[in-house]
Each structure stands twice: as C-alpha cells, then as structure tokens.
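Student: sequence and predicted structure, then a few things I'm wondering about:
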Amino acid sequence: MAKQTKKSTEPTPSYVVSNILQGSAYALSIFSAKEIKTLDLFEKKGKPYLTCSVTDKPRQAKPEEIVRQLYLRKLMDHYGYPKQHLAIETKVRFGTTVHPKRADIVVYETEDTSTPAARPLIIVEVKKPKRQDGVEQLKSYCSATDVPVAVWTNGSETKFLHRDRTKTQTYVYRDLPDLPRFGQTLDEMLNEPWTLKELNEQNILVAERTSLKDIILDMENLVLANAGVDAFEEVFKLIYAKLFDDHRAARTKSKKLDFRVGLKTPAQFAEVVHALFDKATNEWKGVFAPGERIDLLPDHLLTCGSALERVKLFNSNLSVIDEAFEYLTVKASKGEKGQYFTPRHVIDMCVKMLSPTVEEYVGDTAAGSCGFSVHALFHVWGNEFTAEGPNPWQTNYAATHVYGIDFDPRSVKIAKALNTIAGDGKTNVYRANSLDPSIWTDDTKAGLKPRLREMPTPAEKRENEKAFRYFDFDVMLTNPPFAGDIKDARILGQYELAKNPEETVTLKNGTTKTKGGDIKNRVGRDILFIERNLQFLRPGGRAARVLPQGRFNNSGDESLRRWIADRARILAVVGLHNNTFKPHTGTKTSGLFLQTWNDADAPGSLYYNPKPAGSSEDFDYPVFLATSERPGKDNSGDYIYRIGEANAPALDEHHHMIVEHDLEEIAEAFKTWGLKQGMAFCREAE
C-alpha cells in the first residue's frame, strides 16, 4: 500500500514590497506606485522571490534586489535602454586584476555585453533602503573601466556623477542633472534647453523627497567645509542668485533659465552665476552691500551649482528655503543666545488662529528670518506664491503692512531677502534692539514712525515720538529668545515689569509708607518682550507668542501672570510638545494668545474687547486650552513626515512633504470655538 502524505492546508504566503521593506522609511520614493506594482513577487523555498528583468532568472527579493530590479525597469522604460544592453553583477577589472566585487548594473554601448571588447557607458551602484555608503566604491569602478557616467541609488536618493578630466589631466566627479537616454550623448543631454517647465518636472525635492538642507549638507561635505569661506554667506548668495534666475525666467516668454551647469567650464559657469548675483543685488536692493561678490572658486561654484540646479526654490510659501536657512543660521550663531527658528507648522498655527486680514498691520519684535511675518503675508494672500511674483495688491500689502525687527545680522539678512522677494523689491525689516528704542538708527525710526500710536494729548504725542514706545499694530506674532537676563538699568527703566512691585506698609507709629517701585537688578529677556509686544499693539489688537512653560506654572511668576491678565484677555494657551524646538533645545513651551482690552470700538468690530469690571483676580471668561501630542519632530529633532504611497513621504498640492503634526487641527478647533464665543476675527471659520 502506497504511503499517503498529508496535504498541507497552510496558505501560500502573499508577498508585497512594503512588507519586505518594513522599517525602511521613505524607501522607494524615486519610483512611482505604478513602477513598484510591476514587481511580480512569488514564493520559493518559503521566501519571496522575483524574476530578474535582464536574466529572466528568479532572484530572492531582498531589499537591495528590489531596488535593483526597479532601477532596471527605469533604465528600460524611462530611459529607453534595450534589455540586451544591460548586465548585472558584472566583474570589474583594475588593469590586469579582477576586482573581487561586482558592479550591480552596467549599461553597455552595444548588445555584446559579455565580450571583453564591450564598452560600458554607465555603472549603477545599488544599495538597500537607508544605506548611504558605496559612492567611493562606485567611483573606483568607473576609474578602473574608464566609464564616464555613474549612478548611485538606495531607492529614495539618486546621485548622477560624471567623470571629467580637468586641465591638470586628473579626474573629478561632478553631479549630473540626469542620465542620457538611449541613443543620446552626454553632450546632447547637457545641451538641452533648461526652462522652468523642465525644472518643475525634474525638481529633485519632489522626485527624491529630499530637502534643501540635505543638499546643502552634501555641498558642505564636497566643497564648503574645506573652501575657506563662510558657508552661510556663500550658500545664501547662491540661493539669492538662483531665486532671481527663477523669478526672471518666469517673467520672460521663453521661460529659459541661466542657472545650469550643462557643458559650461568652471570659469564659464562662474561668470553666469556672478552676473545673476549682480542683477539680483541691483533689482532686490538692501540685502547685500554694494560690491559684494561670491567668494567661491570656479571649481567649487560648479560643484555647488550642479547640486542646486535641479532644486525648485519658489513654491507656495518659500518653505523650501526656510529649513535650509534655519540650519545654516542656528549652526552659525543662534544656539548660544537661546533664540531658535520657530518650526513652520508652529508659525502656521499661530497665524491661522489670529487670522490677520488685508487691512491689518502685522509686526514681529524678534523677527529672526521673519517666518511669522512672511507666513502672515501668505495667509492674507491666500497661500499662493510663485516665481512670477505677487500681483499689485499683494505687493502693496507686503510693502506697507508687514514689519519685522531683529538684532542678529544674519537673521535680518535672511528676513530682508524673503520680504524683499515677497514684496517685489520692498521690505520693512530693520536691524535693531526692539527692547531699547533709545539707540535705534534714524533709518529704523523713520520706517516705524508711521506706525506710532495716535496719543490723546499733544504732550503725550511728543513724548511717544521721542521714546518710540507705543504703536498701533493690529497683530503681533513673535517668538523672542528664552534665555538670558537683561541687566542694563537704562533698558530696565523703560519697563513696568522691570520694577519691584509697590506695597504700602504701616509703620509702628501708625503712619504708612510705600515700598518698592525701584528697578530690579535683572529681568528675563522673555519677560520684557511680553511688555514690549503689548506696547506695539493697538487697543483690541491680537498677539501670539511662545513662552517657556515655567512662566505659566512657576509660583514665582504669579505676579507676571496677573500683570498680563490685567492688560489683555487670554484667548488661548496651547501646550507644545517637548520635541517642538529640538534639536536646539528640549525646553517645554506653550503658545500664549492675547487680545488687549478695548471698549472704544463698537460691538462686532475685530477689536471690540471690553475689560470686565473689577480686578483681574475676579475675571471670569472662557479660555481655549489645548495640548499638542503630535509635534512633527522626533526625539532627535528631525522632522516626521506623513507617509503616502511607496513608503515615501506624502506630498501636498504644492509638492511639499507634509509634516505629521496636530497643530493645524488645534488651529481649526480654536477658530470654531472663537466663532461660538463671538470673536469677530474668527468669522472666516463659518
């Protein structure tokens, strides 16, 4: 009797790419969902396999193999290389020696890929997702085989390199914008027209879900760290020149861009960039001093230009350059002063909650790079901004209604650049110490004088014009420095919060005496900024600012809280996550939203906010309270992005990566709540 075998009832495993790559975040962002779906996975020996597109043989579907097979399909389907011109795991010769490792993919000039005479055109080095090594190994392959073009990819990033001979007959590797297609020479590809349309289609930030910060890090590693220059200044100049080129091209019929390496020699490309920078500084005045030049050598300029040319800098709110400038500026100077760039999703929350209108004046007394004012500007504009620039009403609003003050020269330079570009050549950004108007320059005073508050008597008006203390801004949005105390008695004497509280005491003889009222020896900088921001607001004006959590909780700050409550209605307090300002600081912070008291305007006005009767201890009105649980950053301070198809960051309608946070939900909840409370500035939530 034949032996019977027990038939297995276990189902055949079902394999999908995302399961195999589990944990490899952003793994396949250079491939479309359609391309990924072409992989046909099957089970063999209890493991996932796929069929090689070149050899037609089964190969185990490990992460690196998945990336290789997808790139083979891209070479065939996108670049047009016939299957017969491709080979995998090819031996690499170093003279008469065969290298122990094999090239992952080799693209040949002809179909005879197996003969010694076969001439390779491209070598591709493939790494599994998240791996960053292998570029130097790839260069050694190309040097050994005299291959002119190299590609490195890990499925989420791609580097195209061209092996080029210098004047000294040595070889250097330069970035390429793309690969030549089948039948196209490298020169033909580099000589193709480069327009805004091509830039939009090949925008590396979208294709590879990367950031300008990451590209600048690569530039630092390749050039800037050893170039003997100020990295911040040189990158800033390059970005300024490229922004101008995008802006200029958008206004011409041809839409042709000049910022492209192509077939240019280092000297030729340097000449183009210098010309763009000169035109930019001439049209967008006030950011760079007359006669300033780019200090990078031509070879260094070419390398940096190759890295930047496929970056689309203009988008709906200039957020592409925000993170890059944050990185450069904080690295250079900010961390020592307790002042850090405010994450853009925090800024957006504050702007949406206070919702400035086209008639309202917006200011920031510690502007940094003017993130708050620029985002307020775009909020009023409808969150649309393109390389073509603003239309007339937008230009007028930017030039007349948005102001920023900061003492740090680098931040002011960034702020002036962003506001100048947004305002089409005009800006109201001033380098000054907001806390000490007595030392403001004539330029700062002249710029801010139109915003001085109208005082009730001629004497008070003259005093205010001298002291520059009270203004009539409608909305103040700011994140002043947390750290450090002010000890200068000349500055402290200008603020109520710098004085010891007065109290009346009864002496033994029955008489009374007033104690206090003298100036303290030191006061936290963030405390003085609370009073300064309220001085900038008109009656009924609105303010948002970030404060250390201790100011809300510490018993020693009770008098501060009473002082605030006596002068403004507390609209909302939003607790921010500890990761919000990482990696610069893990200080726990909250957003404080205020509206100064005002019963002069009629009910229904944006500014109508009558003060309740009695003392602040007796005030009884609702306050919006919220706590952020999804901060948009991890414990290391890196941004967390929402994941979409292909295990890659999802993109919004403007092709920006979407930070995974809950602050937008909090802002919407506040607007709905405020509408129910009858707050006029929340009406747009209807």
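Tutor: That came in fine, so what should we check first? Residues are numbered from 1 along each chain as shown.
Student: can you report phi and psi for the closest residue to Leu547 other than its chain neighbours?
Tutor: Once flanking residues are discounted, Leu547 sits nearest to Leu592: 5.4 Å by CB to CB, 6 or more residues apart in numbering. Where C-beta positions appear, they are placed from N, C-alpha and C, glycine not excepted. For Leu592, the backbone dihedrals (degrees, to the nearest 10) come out as phi -110, psi 130.
Student: and Leu592, what does it touch?
Tutor: Taking CB atoms under 8 Å, 6 or more residues apart in numbering, we find Leu592 in contact with Ala543, Ala544, Arg545, Val546, Leu547, Phe552, Ile570, Ala572, Val573.
Student: mind saving the C-alpha coords of stretch 633-647 as PDB?
Tutor: Taking C-alpha atoms only, stretch 633-647 is exported to PDB below (Å, rounded to 0.1, in the frame of the first residue of the first chain):
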ATOM      1  CA  LYS A 633       9.600  66.100  15.100                       C
ATOM      2  CA  ASP A 634      11.200  63.000  16.700                       C
ATOM      3  CA  ASN A 635      13.300  62.900  19.800                       C
ATOM      4  CA  SER A 636      16.400  63.900  17.800                       C
ATOM      5  CA  GLY A 637      14.700  66.900  16.300                       C
ATOM      6  CA  ASP A 638      14.300  65.500  12.800                       C
ATOM      7  CA  TYR A 639      11.000  66.300  11.100                       C
ATOM      8  CA  ILE A 640       8.500  63.400  10.900                       C
ATOM      9  CA  TYR A 641       6.700  63.300   7.600                       C
ATOM     10  CA  ARG A 642       3.400  61.800   6.700                       C
ATOM     11  CA  ILE A 643       3.800  58.600   4.800                       C
ATOM     12  CA  GLY A 644       2.000  58.000   1.500                       C
ATOM     13  CA  GLU A 645       2.400  55.600  -1.400                       C
ATOM     14  CA  ALA A 646       5.500  53.500  -1.900                       C
ATOM     15  CA  ASN A 647       6.500  54.000   1.700                       C
END
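Student: model confidence over that stretch, on average?
Tutor: For stretch 633-647, the mean per-residue pLDDT is 82.
Student: again, but for stretch 199-215
Tutor: pLDDT averaged over stretch 199-215 gives 82.
Student: how about the CA coordinates for it, as PDB?
Tutor: The C-alpha trace of stretch 199-215 is given here as PDB (Å, rounded to 0.1, in the frame of the first residue of the first chain):
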ATOM      1  CA  LEU A 199      12.900  72.400 -13.600                       C
ATOM      2  CA  ASN A 200       9.400  71.700 -12.400                       C
ATOM      3  CA  GLU A 201       9.400  68.200 -14.000                       C
ATOM      4  CA  GLN A 202      12.900  67.300 -12.600                       C
ATOM      5  CA  ASN A 203      12.600  69.100  -9.300                       C
ATOM      6  CA  ILE A 204      14.800  66.900  -7.100                       C
ATOM      7  CA  LEU A 205      13.000  67.800  -3.900                       C
ATOM      8  CA  VAL A 206       9.800  66.200  -5.300                       C
ATOM      9  CA  ALA A 207      11.500  63.300  -7.100                       C
ATOM     10  CA  GLU A 208      13.500  62.200  -4.200                       C
ATOM     11  CA  ARG A 209      11.500  63.600  -1.200                       C
ATOM     12  CA  THR A 210      14.600  65.300   0.000                       C
ATOM     13  CA  SER A 211      15.200  68.800   1.400                       C
ATOM     14  CA  LEU A 212      17.400  71.800   0.600                       C
ATOM     15  CA  LYS A 213      19.100  71.300   3.900                       C
ATOM     16  CA  ASP A 214      20.200  67.800   2.900                       C
ATOM     17  CA  ILE A 215      21.600  69.100  -0.400                       C
END
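Student: ok so, going back, show me which of the contacts of Leu592 is closest to Gln394.
Tutor: Closest approach to Gln394 among the contacts of Leu592 (CB to CB): Ala544, at 22.8 Å.
Student: please report phi then psi for the closest one.
Tutor: Backbone torsions for Ala544, taken as degrees, to the nearest 10, come to phi -130, psi 140.
Student: ok, the one 4 residues further on next?
Tutor: According to degrees, to the nearest 10, the main-chain angles of Pro548 amount to phi -60, psi 140.
Student: same check on Pro539?
Tutor: Torsion angles, degrees, to the nearest 10, at Pro539: phi -60, psi 130.
Student: heads up, I number from 205, so please use that
Tutor: Yes, from this point I'll number from 205; that puts the last item at Pro743.
Student: if we can go back for a sec, I'd like the contacts of Leu796 laid out as JSON lines, including pLDDT.
Tutor: Output for the contacts of Leu796, formatted as JSON lines (pLDDT from 0 to 100):
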{"residue": "Ala747", "pLDDT": "97"}
{"residue": "Ala748", "pLDDT": "96"}
{"residue": "Arg749", "pLDDT": "93"}
{"residue": "Val750", "pLDDT": "92"}
{"residue": "Leu751", "pLDDT": "91"}
{"residue": "Phe756", "pLDDT": "91"}
{"residue": "Ile774", "pLDDT": "96"}
{"residue": "Ala776", "pLDDT": "97"}
{"residue": "Val777", "pLDDT": "97"}
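Student: hmm, back to that, state the pLDDT value of the residue nearest to Leu751.
Tutor: At Leu796, pLDDT is 97.
Student: so which bits of the host helix or strand of Thr599 are buried?
Tutor: In this structure, Thr599 is located in helix 596-605 according to DSSP states H and E. Residues of helix 596-605 classed as buried by neighbour count (16 or more other CB atoms under 10 Å): Gln598, Thr599, Tyr601, Ala602, Ala603, His605.
Student: equivalent analysis for stretch 712-725, please.
Tutor: For stretch 712-725, the neighbour count (16+ other CB under 10 Å) marks Ile723 as buried.
Student: so how far is the first residue of it from its last?
Tutor: Stretch 712-725 has an end-to-end distance of 30 Å (criterion: CA to CA, to the nearest Å).
Student: check stretch 309-328 too.
Tutor: Start-to-end, stretch 309-328 (CA to CA) is 5 Å.
Student: just stretch 632-643 next, same as before
Tutor: End-to-end distance for stretch 632-643: 18 Å, by CA to CA.
Student: run the chain-centre distance for it.
Tutor: Centroid separation for stretch 632-643 versus its chain: 26 Å, with CA atoms, centre = their mean, to the nearest Å.
Student: can you give me the helices for the stretch 355-504 of the chain?
Tutor: Along the stretch 355-504 of the chain, the stretches classed as helices by DSSP state H, counting those that start in this stretch are 390-394, 400-406, 408-411, 416-426, 435-454, 470-487, 502-512.
Student: among these, which comes closest to His549?
Tutor: Nearest to His549, of all the helices of the stretch 355-504 of the chain, is helix 416-426, at 15.9 Å by CB to CB.
Student: please name every helix or strand in contact with the helix or strand just after the helix holding Thr599.
Tutor: Using DSSP H and E, the helix or strand that follows helix 596-605 in sequence is strand 608-610. On a contact count with 3 or more CB pairs under 8 Å, 6 or more residues apart in numbering; DSSP states H and E, strand 608-610 meets helix 613-626, strand 633-635.
Student: other residues contacting strand 608-610?
Tutor: By CB under 8 Å, 6+ apart, the surrounding residues in contact with strand 608-610 are 567-572, 574, 577, 616, 619, 623, 632-636, 638, 648.
Student: one step back: kindly provide the distance from the residue nearest to Leu751 to Lys248.
Tutor: 62 Å (CB to CB, to the nearest Å).
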